[in-house]
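# turn this into a model:
(chains A and B)
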Amino acid sequence: MAYRVVHYLNQFFGGIGGEEHAGTAPVLRPTPVGPGILLQQCLGPEATIAGTVICGDNRMAERAEDTLPEVVAMVRSLEPDLLIAGPAFAAGRYGLACAMVGASVRRALGIPVVTGLSPENPGAEGLDSGVIAVVTGDTAASSRPAVEGMARIGLKLLRGEPLGPADVEGYLPTGRRINEFGDVTGADRMVEMLVRRLRREPFTSEVVVPRFDGVIPAPPVRDLREIVLGMVTTSGVVRQGNPEGVESWRATKWVRYSLAGLDRMSAEEYTCVHGGYDNRHVRADPNRTVPLDVLRDWEKQGRIGRLHPMLWSTVGNVMPVEWARQRGREVAQELRDAGIQAAILTAT
Amino acid sequence: MGVPRVLPGISVTHLLGNPALPLADERELRERLTARALHMLTAEVRKPTLFSVA
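Residues are numbered from 1 along each chain as shown, chains lettered A, B, ... in the order given. Presented below is the predicted three-dimensional model:
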């Protein structure tokens, strides 16, 4: 029996219409639609498109919380072995929709998911590591290679065949590393790479260097006496006994403490669990990374409008950039929700 | 790292303090650094900027 595949498309590729139909609610078609016809050809007899779910990009972007469950229910009703979403090329809302649908279907049904994105598509950023995104061009002019690639990788996943490295198979790196034996030692490879570099020949690094985003600076504070100031730290200050279990490295969480009514950080109540530096000076006096003593005085003197009672804290030690980005987003949202206009973040 | 306003601390192990100083002096040092940090919040920056304790 052939594997069952469900295909996800937006309103445009699903043949409903352009931007004026971007609000379209999810609909289910029992056949391949649009690029699904080529996809079915590429899949061949081994897999059958059991149905197509079509949804407007704006509908998904603006009402994901109720639209995603609708889409997942439609996908589930077709009892698929694989979901293929897109390709979305460089289309931002469509790419994000494919990424969200892919992650939701993986979580709900546990089946493999393949999508197709250009590397610059915003859907590629923070993509669920279980969703395989075939690298596509920027526009539908590159449909054929995109769909062929998605079908080829989809069939591999259906058969349970291991995927090769991202650059060989043509998908976006998922961050997974697989150990393998090489013929040449690391020392030899390193020297070889250096020699190539000195000769200005092309070489490929074996280590992916994390990319640091630029952050657009916030406009300056006009008057410190009118703001609510927030305190954030990655120095690993936690409550005595570390009841939340913040890890001393590769921390998976951040914590939030109320410092209301406290005039300073006391060593009886607070300690430090950061495992990346000798933290005894902070344990002896946590004001050394959370300057509550100074800020509280200045709040009383009216030098700053108000010190927000909460401290947001985590351990920044060996935190992968991707995690840090996510934690940063979460804490920034908290600060915003708390009405904080500016914050001091102490980082060790 | 892309952080817009950066002030170097005294040391990784005591960013805003110095255990070698008498308590009153250490407090004064922390006030100086914290005042600088607050001042930085009022400064216009267009790209990641390293300030000094000045």
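
# where do the strands of chain A begin and end?
Taking DSSP state E as the criterion, chain A carries its strands at A:3-10, A:27-29, A:47-55, A:82-89, A:113-117, A:131-135, A:228-233, A:237-239, A:255-258, A:270-272, A:306-313, A:342-346.

# the second one pairs with which strands?
I take that to be strand A:27-29. strand A:47-55 (antiparallel) (DSSP bridges).

# that older thread, now the strands of chain A as JSON lines including mean pLDDT and mean neighbour count?
Placement of C-beta: from N, CA and C, glycine included. Listed next are the strands of chain A as JSON lines, based on pLDDT from 0 to 100; neighbours: other Cβ atoms under 10 Å in any protein chain shown:
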{"stretch": "strand A:3-10", "mean pLDDT": "98", "mean neighbour count": "25"}
{"stretch": "strand A:27-29", "mean pLDDT": "98", "mean neighbour count": "16"}
{"stretch": "strand A:47-55", "mean pLDDT": "98", "mean neighbour count": "24"}
{"stretch": "strand A:82-89", "mean pLDDT": "97", "mean neighbour count": "28"}
{"stretch": "strand A:113-117", "mean pLDDT": "98", "mean neighbour count": "29"}
{"stretch": "strand A:131-135", "mean pLDDT": "97", "mean neighbour count": "25"}
{"stretch": "strand A:228-233", "mean pLDDT": "98", "mean neighbour count": "23"}
{"stretch": "strand A:237-239", "mean pLDDT": "98", "mean neighbour count": "22"}
{"stretch": "strand A:255-258", "mean pLDDT": "97", "mean neighbour count": "15"}
{"stretch": "strand A:270-272", "mean pLDDT": "97", "mean neighbour count": "23"}
{"stretch": "strand A:306-313", "mean pLDDT": "97", "mean neighbour count": "20"}
{"stretch": "strand A:342-346", "mean pLDDT": "97", "mean neighbour count": "21"}
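
# wait, which of these is closest to A:Ser142?
A:Ser142 lies closest, by Cβ to Cβ, to one member of the strands of chain A: strand A:82-89, at 7.0 Å.

# quick one: neighbours of A:Glu161, just the number.
10 (other Cβ atoms under 10 Å in any protein chain shown).

# okay, now the unreliable bits of chain B?
B:1, B:54 (pLDDT under 70).

# cutoff 80 now
B:1-2, B:54 (pLDDT under 80).

# all helices for it, in order.
Here chain B has its helices, by DSSP state H, at B:23-41.

# would you mind listing what in chain A touches chain B?
Residues of chain A found near chain B (Cβ under 8 Å from any Cβ of the partner chain) are A:212-222, A:224, A:229, A:235, A:277-282, A:284-285, A:287-289, A:291, A:293-295, A:298, A:303-304, A:342, A:344-346, A:348.

# which residues of chain B lie near chain A?
With the criterion set to Cβ under 8 Å from any Cβ, chain B comes near chain A through B:1-5, B:9, B:12-17, B:19, B:27, B:30-31, B:33-34, B:37-38, B:41-49.

# please spell out the PyMOL selection for the buried subset of these.
Selection of the buried residues among these in PyMOL, burial being defined by 16 or more other Cβ atoms under 10 Å in any protein chain shown:
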select buried, chain B and resi 4+5+9+12+13+14+15+16+17+27+30+31+33+34+37+38+41
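
# list the ones among the residues of chain B next to chain A that fall in strands.
Per DSSP E, the subset of the residues of chain B next to chain A in strands is B:5, B:49.

# pLDDT score for the residue nearest the centre of chain A?
Note on chain A: the residue nearest the mean C-alpha position is A:Gly126, at 2.2 Å, using Cα atoms, centre = their mean. pLDDT recorded at A:Gly126 is 79.

# residues near A:Leu38, how many?
For A:Leu38, the count of nearby residues is 16 (other Cβ under 10 Å).

# not counting sequence-adjacent ones, nearest residue to it?
Nearest non-adjacent residue to A:Leu38, counting by Cβ to Cβ, 6 or more residues apart in numbering or on different chains: A:Val147, 5.0 Å away.

# so what's that neighbour up against?
Contacts for A:Val147 (Cβ atoms under 8 Å, 6 or more residues apart in numbering or on different chains) come out as A:35, A:38-39, A:42, A:87, A:116.

# please redo it, this time with the cut-off set to 10 Å
By Cβ atoms under 10 Å, 6 or more residues apart in numbering or on different chains, the residues touching A:Val147 are A:35-43, A:84, A:86-87, A:116, A:134, A:136.

# can you give the domain ranges for chain A?
Following automatic domain parsing, one finds the domains of chain A at A:3-169, A:224-346.
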